[in-house]
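Undergrad: Pasting the sequence and the predicted model now:
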Amino acid sequence: MGIRVENIHKSYGTEQVLTGINIEIPDGTFFSVVAPTGAGKTTLLRIMCGIESADAGTVYYDDEPMTSVAVQDRSVGMVYQEFVNYPSLTVRENLASPLEVSDENYSREEISRRVEETAEMLKIDHILNNLPEEVSGGEAQRTAISRALIKEPDYLFMDEPLANLDYKLREQLRSDFERLFSEQDTTVIYATPQAGDALAMSTHIGYLHDGKIIQDAPRDEIYFRPRHLPVAEYLGEPPMNVVPGTLIEDNSDRYFELPDGARIATGSATGSFPALNAGREYMIGFRPQDMVYLNGAEASEAHGHDTILEADLAFVETVGSTSTLHLEYQGRELYALNAGPVHTATEATLSFSLDPEKLYIYDSGSGELLAAGNKIPSFTTQK
Amino acid sequence: MAEIEVRDIRHVYDQGTPDETVAIERINLTLEDGTANALLGPSGCGKTTLLQIISGLLQPTEGQILIDGEDVTDKPPEERDIAQVFQFPVIYDSMDVYGNLAFPLRNGGVSENEIETRVQKIADLLELNDILHSSPSNLGPELNQLVALGRGIIRADTSAILFDEPMTDVEPARKLTIRRRVKEAQQEFGITALYVTHDQHEALTFAEQVAIMKDGNLVQYDTGKNLYQSPVNTFIGHFIGSPGMNLLDCTLTQHNGTPRAQLGPHQVPLASALEPHLDLTWTDCQIGIRPNSVTVQVADPHDESSYLPAVVDQVEMLGGFQIITATLTETSVEVKARVAHDFAIEEGASVWLSFPASDLQFFHEEQAVTA
């Protein structure tokens, strides 16, 4: 049950935006569609909720095809990036309006009860008698969300609803949404270019790439097991690092050789990654937080040893107690996260140790995930 | 480049009318020559007003703006030699990137040889070499923003550069790269810069010193490290950090001569150096601790003097790490703790939390109490 999207296509003129979208969104989930701006997220949401029609393909709600069902006859709510509220109505009247214009003839008492309940849930009960212009941006957006929720729709569509908000407010609403919707039956379909927002709130994430959803999975699964390189390189802040490496077997030694000759040992042939072929080049991924920075003495001891990566420091950003190191390695930009300040000159060469059991191995042609280290959580999927 | 001084600036909109609004109460701030500064605060704090007063777009109600000691308060923007990079890049579509970069110099009658040298230097620095002869309309907003920056700093007599939310239109995935190039340009040219944003991450990564405003006042002007470790009040504690500092209501008590914070049935030891500065009769007290200073144990450490029992309400994955929200048992006190991205924890689980005294702040009536 929930929403099923089958083989949706959509073009604007000669521009193909969606080229065969297939998704299943189980009931009660918080499903984020993630992609860079311009990838077609808004188009997909508009087709799913019925504002726009597809060129081909079908959207099902609870196994019912919705193609000929108008948006006003569907149990859906919508929230946009720009908060849409009626400026001349109080927050209370804004909340009540969808119920008052409804065909369902809600009683005064019912309307009042729902307004109070929804306002309390979204923490706007203290501003019910204010006009929208008298409340903060975050409160205005909560009002818009309350209006979308008040008819208790089965499906709530949100298109970048946090984009216009202050950083601190976004952080607060992100946390509130996660809590609110984990206690609600409403199925949420949420579009965002922000990997961090999607990871914080969603139960499921789908990544849109070249007009297709190339992976959709429960949140932890898509984060720990990104099946394609574009997913790996997007879902993480900072993103996963990727470098090419050739698998070498040399008597009892088995290792990846990186472009600068550095080696990442994989143990014996029966050790890690047994299914990979010697002599082939792979793309090797590792998360910034899995690059362990080695300071002076550790580094000189480790120099030339296996599983040590040496990269040039271009730039350090320190926020609080975490440093993000921007590194240059063989013409590539890499990021390392370090739990503490790093005191060194830029352009210094730094050493990092990598744990082979935390590596991701991708096919260098198709970009598909071939193997992942044993310390990376694994998931049993239905697919 | 130059030093910029904001002296006794006060600004009131619609003064003397029923709509009168005080945007800036009174601000003093000196941006030293060649330093990177940020102006950070929530919407409506007055930061945009202050930026417009510095650039000359707005006349302040009171006070002066000085550039290298010279009072420029009455000068129009074009006579202040302050460059600006706006939210959305302002670029001439009729010229290629080279023409855009060269524009301020051609206006100033600089020789074509000199122009070429300068354009080349800027292009090298901002990595614009490959697109020098492209039309800006074919480039994304990120590259156009870099062109706007290049145009702002190409003149030798620029006294400072102001950035107004320059990352608004930049794709999230491109922000790291763009931030780095902007920062490298600031360092290389020794630019006096003021970067206005509501995003603390941008402010803290760009600036050596960050000025934080609230309700028309400058609350703290300090290094990122000090804002993080020694916030002057609870507002800064909460505002800086993501999520912000935990601020936990408490009362004061004593145990064997050392001060302790009392949270419901639980006690948390405070640094003994604080003792002479505390008054046990105080109300409206809070202890502050950063989420990543909280130690989380999933097995009972059987150490009641250091660990407080709690139940996990919420687990949020934030990309590089997770945030756990837990409520201390027998209280309604919620604590956020930062743990590794692969730390295994579920909602409803029991945990034990420790707050190291060295990382604890103490606040009375919202103000920091320090030894």
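TA: Good, I have the coordinates.
Undergrad: list the buried ones in stretch B:118-130?
TA: Under the neighbour-count criterion of 16 or more other C-beta atoms under 10 Å in any protein chain shown, stretch B:118-130 has B:R118, B:V119, B:I122, B:A123, B:L125, B:L126, B:L128 buried. Quick note: C-beta positions are derived from backbone N, CA and C, even for glycine.
Undergrad: Now render those residues as a markdown table, adding distance to chain A.
TA: Output for these, formatted as a markdown table (distance: C-beta to the nearest C-beta, whole Å):
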| residue | distance to chain A |
| --- | --- |
| B:R118 | 24 |
| B:V119 | 24 |
| B:I122 | 19 |
| B:A123 | 18 |
| B:L125 | 13 |
| B:L126 | 14 |
| B:L128 | 17 |
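Undergrad: which stretches of chain B have low pLDDT?
TA: By pLDDT under 70, chain B contains no weakly predicted segment.
Undergrad: mind giving me the domain split of it?
TA: Following automatic domain parsing, one gets these domains for chain B: B:4-239, B:246-369.
Undergrad: Please work out which of those domains is packed deepest.
TA: Mean neighbour count (mean count of other C-beta atoms under 10 Å in any protein chain shown) peaks for domain B:4-239 among the domains of chain B, with a mean of 18.
Undergrad: Name the residues of the stretch 51-200 of chain B found near chain A, please.
TA: B:E171, B:P172, B:A173, B:L176, B:T177, B:R179, B:R180, B:K183, B:E184, B:H198, B:D199, B:Q200 (C-beta under 8 Å from any C-beta of the partner chain).
Undergrad: Which members of the residues you listed occur in strands, if any?
TA: Judged by DSSP state E, those include no members of strands.
Undergrad: Determine which two of the residues you listed are furthest apart.
TA: B:E184 and B:H198 (23.7 Å; C-beta to C-beta).
Undergrad: where do the helices sit along chain A?
TA: Using DSSP state H, the helices of chain A run over A:41-49, A:91-100, A:108-121, A:137-149, A:167-182, A:195-201, A:219-224, A:229-232, A:296-302.
Undergrad: re earlier: rebuild the buried residues of stretch B:118-130 as JSON lines, extending it with secondary structure and distance to B:T35.
TA: Below are the buried residues of stretch B:118-130 laid out as JSON lines (DSSP: H, G, I helix; E, B strand; the rest coil; distance: C-beta to C-beta, whole Å):
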{"residue": "B:R118", "secondary structure": "helix", "distance to B:T35": "23"}
{"residue": "B:V119", "secondary structure": "helix", "distance to B:T35": "26"}
{"residue": "B:I122", "secondary structure": "helix", "distance to B:T35": "21"}
{"residue": "B:A123", "secondary structure": "helix", "distance to B:T35": "25"}
{"residue": "B:L125", "secondary structure": "helix", "distance to B:T35": "19"}
{"residue": "B:L126", "secondary structure": "helix", "distance to B:T35": "20"}
{"residue": "B:L128", "secondary structure": "coil", "distance to B:T35": "25"}
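Undergrad: Show me which residues of the stretch 251-371 of chain B are close to chain A?
TA: When proximity is defined as C-beta under 8 Å from any C-beta, the stretch 251-371 of chain B approaches chain A at B:290, B:292-293, B:313-314, B:316-321, B:323, B:325, B:340-342.
Undergrad: Any figure for the gap between the closest residue to A:E368 other than its chain neighbours and chain B?
TA: Leaving aside its sequence neighbours, A:E368 sits nearest to A:H228 (C-beta to C-beta, 6 or more residues apart in numbering or on different chains; 6.0 Å). Shown here: A:H228 relative to chain B, a distance of 15 Å by C-beta to the nearest C-beta, to the nearest Å.
Undergrad: tell me the contacts of A:H228?
TA: Contacts for A:H228 were tallied using C-beta atoms under 8 Å, 6 or more residues apart in numbering or on different chains; they are A:Y207, A:H209, A:I214, A:Q215, A:Y362, A:G367, A:E368, A:L369.
Undergrad: Span of stretch B:354-371 from start to end?
TA: End-to-end span of stretch B:354-371 (C-alpha to C-alpha, to the nearest Å): 22 Å.
Undergrad: gap between that stretch and the chain center?
TA: 22 Å (C-alpha atoms, centre = their mean, to the nearest Å).
Undergrad: With stretch B:93-102 instead?
TA: Centroid separation between stretch B:93-102 and its chain, computed with C-alpha atoms, centre = their mean, is 32 Å.
Undergrad: contacts for that stretch?
TA: Identification of contacts with stretch B:93-102 by C-beta under 8 Å, 6+ apart yields B:91-92, B:103, B:115, B:119, B:122-123, B:128, B:131-137, B:139, B:147, B:150-151, B:154.
Undergrad: first vs last residue of that stretch, how far apart are they?
TA: Distance across stretch B:93-102, first residue to last, is 14 Å (C-alpha to C-alpha).
Undergrad: just stretch B:201-219 next, same as before
TA: One end of stretch B:201-219 to the other measures 18 Å (C-alpha to C-alpha).
Undergrad: just stretch A:277-288 next, same as before
TA: Using C-alpha to C-alpha, the gap from the first to the last residue of stretch A:277-288 comes to 26 Å.
Undergrad: what's the answer for stretch A:258-266, then?
TA: End-to-end span of stretch A:258-266 (C-alpha to C-alpha): 13 Å.
Undergrad: Okay, buried residues for that stretch please.
TA: Neighbour-count burial for stretch A:258-266, counted by 16+ other C-beta under 10 Å, picks out A:L258, A:A262, A:R263, A:I264, A:A265, A:T266.
Undergrad: Check stretch A:152-172 too.
TA: Within stretch A:152-172, the residues that count as buried by 16+ other C-beta under 10 Å are A:153-172.
Undergrad: for the lowest-mean-pLDDT helix or strand in chain A, packing partners?
TA: When each helix and strand of chain A is scored by mean pLDDT, DSSP states H and E, helix A:296-302 comes last, with a mean of 71. The contact analysis (3 or more C-beta pairs under 8 Å, 6 or more residues apart in numbering or on different chains; DSSP states H and E) places helix A:296-302 against strand A:349-354.
Undergrad: Against which helices or strands is the strand it packs on packed?
TA: By 3+ C-beta pairs under 8 Å, 6+ apart, strand A:349-354 packs against strand A:291-294, helix A:296-302, strand A:308-319.
Undergrad: quick one: strands adjacent to the shortest one?
TA: Read it as strand A:291-294. strand A:349-354 (antiparallel) (DSSP bridges).
Undergrad: thought B:L270 was touching B:Q254?
TA: No - with contact defined as C-beta atoms under 8 Å, B:L270 and B:Q254 do not form a contacting pair (9.9 Å).
Undergrad: what's the overlap in contacts for those two?
TA: Residues touching both B:L270 and B:Q254 by C-beta under 8 Å, 6+ apart: B:R260.
Undergrad: for the residue in the stretch 151-300 of chain B that chain A sits nearest to, what are its contacts?
TA: When scored by C-beta to the nearest C-beta, the stretch 151-300 of chain B has B:T205 as its residue closest to chain A, at 4.0 Å. By C-beta under 8 Å, 6+ apart, the contact set of B:T205 is A:E317, A:T318, A:V319, A:T324, B:R179, B:K183.
Undergrad: Specify the local secondary structure of B:V147.
TA: Under DSSP: H, G, I helix; E, B strand; the rest coil, B:V147 falls in the helix class.
Undergrad: cool, and the one 10 residues further on?
TA: For B:D157, the assignment made with three-state DSSP gives coil.
Undergrad: Tell me the spatial nearest neighbour of it, not counting adjacent residues.
TA: In space, B:D157 comes closest to B:D81 once its chain neighbours are excluded; the distance is 5.5 Å by C-beta to C-beta, 6+ apart.
Undergrad: Now do that neighbour against B:T192, distance only.
TA: In this view, B:D81 and B:T192 are 11 Å apart by C-beta to C-beta, to the nearest Å.
Undergrad: quick revisit: how about the secondary structure of the residue of the stretch 151-300 of chain B closest to chain A?
TA: Three-state assignment for B:T205 (three-state DSSP): helix.
Undergrad: Please identify which of the buried residues of stretch A:258-266 is nearest to chain B.
TA: Nearest to chain B out of these is A:I264 (C-beta to the nearest C-beta; 19.6 Å).
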